[in-house]
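S.K.: Pasting the sequence and the predicted coordinates here, then a few questions.
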Amino acid sequence: MSYVTGVGLTPFGKLPGRTTLDLMSEAAAAALADAQLQRADVDGLLCAYSTTFPHLMLSTTFVEHFGLRPTYAHGVLVGGATGFAMAMLAHTLVESGVARNVLVVAGENRLTAQTRDAAVQTLAQVGHADYEVPLGATIPAYYALVASRYMHEHGTTEADLAELAVLMRRNAVNHPGAQFRDPITTHDVLASKPIASPLKLLDCCPVSDGGVAFVVGREPTSGFRVRIRGAGQAHTHQYVSGAPSLTEFGAKASVERARESAGITLSDVRCAAIYDSFTITLTILLEEIGLAPRGQAGTAARAGYFDRDGRLPLNTHGGLLSYGHCGAGGAMAHLAEMHHQMTGRAGARQVKDASLALLHGDGGVLSSHVSLVMEAQ
Amino acid sequence: MTQASRVPDWTTGGAGIAFQSCSACGERWYFRRGFCPRCGSTPPVDRQATGQGTVHAATLVTRAPSEELRAHAPYLIVLVDADEGFRLMAHGAPQLRIGQRVRCRFVSFAGRLIPYFDPA
């Protein structure tokens, strides 16, 4: 058993003048304060990566910078799935007795440290350097290929995808830290600038600056009693050209492993935090996991099923699509939001029942999957 | 990368599509390597694709990643299921649709030859 004893989350968006280490430090300090811990209490450290600060040893760089003396520290790299992979590892380290309080940190000045072209080109490198990148492919293009096939097989429309962007924005309106807080309509999404068909600008998450951290501990150190009850993973490929299928990925297997380790069924889940780098990502993950029938995620969103007061509140902070995406920290904001929900601190976004939550992230092009089951006690 | 394919391949400047197969288990794959990714047998056999296949997925890229490529945008990126039993990424004629039969030629894109599919 492990507890998420504290979380720290910066606003996402344009945070000029702050480096990767600044954003990591800000988030880490907030998480330690939230967990009522001092630096000396941290005996485990897990760090992600930063594309704007690609250091070979980010964890020990952070050890020195932030002033830690952990007995266990290293980095983790599985793209967008990194945050939940670190949560799962921290949970495992705590359960196995390797560490008592594991600090998990990610941050990146991805928006202000570089041009948009540079960000697009760096991210495109998750594709194959010889067989894909030379074709002018980008991350939106990889996901757009998946979208074209998935929509062909399951009848999903662009208007269905747009519903999820609208929902994420509706949620972000109530979070002061969100990058985008102006309400949008499905018409706005459909009319937004084409990026890689069928994906338009508002189907894509933004590039953001931001930092997120949390502490996973053996026992509650604060008043919060939020457990990680189970976790699971699945990894099937890296490149979209080599994916076994463009309509079935590792999400289902990953969630089933997490569910089994937690001893729950899907119907026990009261709210969800699901990776939403693009509207198609969220659609596929919801439908493959079984939180919506195939081809029906947009319809369910339109009917209010995923609303704050709906049957299954989803990404109540606005997700990657509207809270923002700063790299590995992007999905960690989903976890921080879930912690705020489970501890009754979500303010205008508070859901009625956050007692049991499913979290799921993916990295690459639906390549790497990690799922978590969190529980409020 | 593993040593260059012995058959012409666009990733090394040739006007062709190379793939590999395993003489032990029959697996066929696209990304060059020195062993079979299914059974581990060595060495794999280098083979030449005919360039015929079926469109599996397609996207029209409007937002190119660099100034150099913006001159080419919009361009259609496709995943094609080659008749030989592997999947590849390439460019294609803008009107291509999923399920359509296609045939490959080679065109210049940003200073290199790339596979480009037209309706068969």
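M.R.: Sure thing, it's come through.
S.K.: from here on, contacts and neighbour counts on C-alpha atoms
M.R.: OK.
S.K.: What about residue 112, how many residues nearby?
M.R.: Going with chain A. When counting by other C-alpha atoms under 10 Å in any protein chain shown, one arrives at 19 neighbours for A:Thr112.
S.K.: Chain B was what I was after
M.R.: Neighbour count of B:Arg112, defined by other C-alpha under 10 Å: 15.
S.K.: now A:Lys193
M.R.: There are 15 residues near A:Lys193, going by other C-alpha under 10 Å.
S.K.: how about residue 81, what does it touch?
M.R.: No chain specified, so I'll use chain A. A:328, A:331, A:361-363, A:368-370 (C-alpha atoms under 8 Å, 6 or more residues apart in numbering or on different chains).
S.K.: sorry, should have said chain B
M.R.: B:53-56, B:87-88.
S.K.: In ChimeraX, how would I select the buried members of the residues you listed?
M.R.: Applying 16 or more other C-alpha atoms under 10 Å in any protein chain shown to those, the buried members can be selected in ChimeraX as follows:
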select /B:53,54,55,56,87,88
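S.K.: Domain-wise, how is chain B divided?
M.R.: B:17-48, B:52-119 (automatic domain parsing).
S.K.: circling back to that earlier point, relative to A:Gly319, which of the contacts of A:Ala81 is nearest.
M.R.: Distance to A:Gly319 across the contacts of A:Ala81 (C-alpha to C-alpha) is lowest for A:Ala331, with 8.0 Å.
S.K.: in the sheet, who's paired with the closest residue to chain A within chain B?
M.R.: Among all residues of chain B, B:Val61 sits closest to chain A, at 4.2 Å; criterion: C-alpha to the nearest C-alpha. Following DSSP bridges, B:Val61 is listed with bridge partners A:Ala196, B:Tyr75.
S.K.: Now for it: which residues touch it?
M.R.: A:137, A:141, A:195-197, B:73-77.
S.K.: Now the buried members of these.
M.R.: A:137, A:141, A:195-197, B:74-77.
S.K.: about what we covered before: Serialize the contacts of B:Val61 to CSV and add fields for distance to A:Arg218 and pLDDT.
M.R.: Formatted as CSV, the contacts of B:Val61 follow (distance: C-alpha to C-alpha, whole Å; pLDDT from 0 to 100):
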residue, distance to A:Arg218, pLDDT
A:Ala137, 44, 95
A:Ala141, 42, 97
A:Ile195, 45, 98
A:Ala196, 46, 98
A:Ser197, 47, 98
B:Ala73, 54, 95
B:Pro74, 53, 97
B:Tyr75, 53, 98
B:Leu76, 52, 98
B:Ile77, 49, 98
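S.K.: picking up where we left off before, could you dump the contacts of B:Asp81 to JSON lines with distance to A:Lys352 and secondary structure?
M.R.: Converted to JSON lines, the contacts of B:Asp81 look like this (distance: C-alpha to C-alpha, whole Å; DSSP: H, G, I helix; E, B strand; the rest coil):
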{"residue": "B:Gly53", "distance to A:Lys352": "53", "secondary structure": "strand"}
{"residue": "B:Thr54", "distance to A:Lys352": "50", "secondary structure": "strand"}
{"residue": "B:Val55", "distance to A:Lys352": "47", "secondary structure": "strand"}
{"residue": "B:His56", "distance to A:Lys352": "44", "secondary structure": "strand"}
{"residue": "B:Arg87", "distance to A:Lys352": "47", "secondary structure": "strand"}
{"residue": "B:Leu88", "distance to A:Lys352": "48", "secondary structure": "strand"}
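S.K.: Can you tell me the closest non-neighbouring residue to A:Phe214?
M.R.: Distances taken as C-alpha to C-alpha, 6 or more residues apart in numbering or on different chains place A:Val7 nearest to A:Phe214, at 4.2 Å, with adjacent residues excluded.
S.K.: and that neighbour, what element?
M.R.: Assessed by DSSP states H and E, A:Val7 sits inside strand A:2-9.
S.K.: In CSV, please show the C-alpha coordinates belonging to that strand.
M.R.: Provided in CSV are the C-alpha atoms of strand A:2-9 (Å, rounded to 0.1, in the frame of the first residue of the first chain):
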residue,chain,number,x,y,z
SER,A,2,1.1,3.6,-0.6
TYR,A,3,-0.3,7.0,-0.1
VAL,A,4,-0.1,10.1,-2.3
THR,A,5,0.7,12.4,0.7
GLY,A,6,1.0,15.7,-1.1
VAL,A,7,0.8,17.3,-4.6
GLY,A,8,2.3,20.5,-6.1
LEU,A,9,1.1,22.0,-9.3
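S.K.: check contacts around the residue nearest the centre of chain B.
M.R.: Note on chain B: the residue nearest the mean C-alpha position is B:Leu88, at 3.8 Å, using C-alpha atoms, centre = their mean. By C-alpha under 8 Å, 6+ apart, the contact set of B:Leu88 is A:241, B:30, B:79-82.
S.K.: okay, these in CSV with pLDDT and secondary structure next?
M.R.: Below are those laid out as CSV (pLDDT from 0 to 100; DSSP: H, G, I helix; E, B strand; the rest coil):
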residue, pLDDT, secondary structure
A:Ser241, 97, helix
B:Tyr30, 98, coil
B:Leu79, 98, strand
B:Val80, 98, strand
B:Asp81, 98, strand
B:Ala82, 98, strand
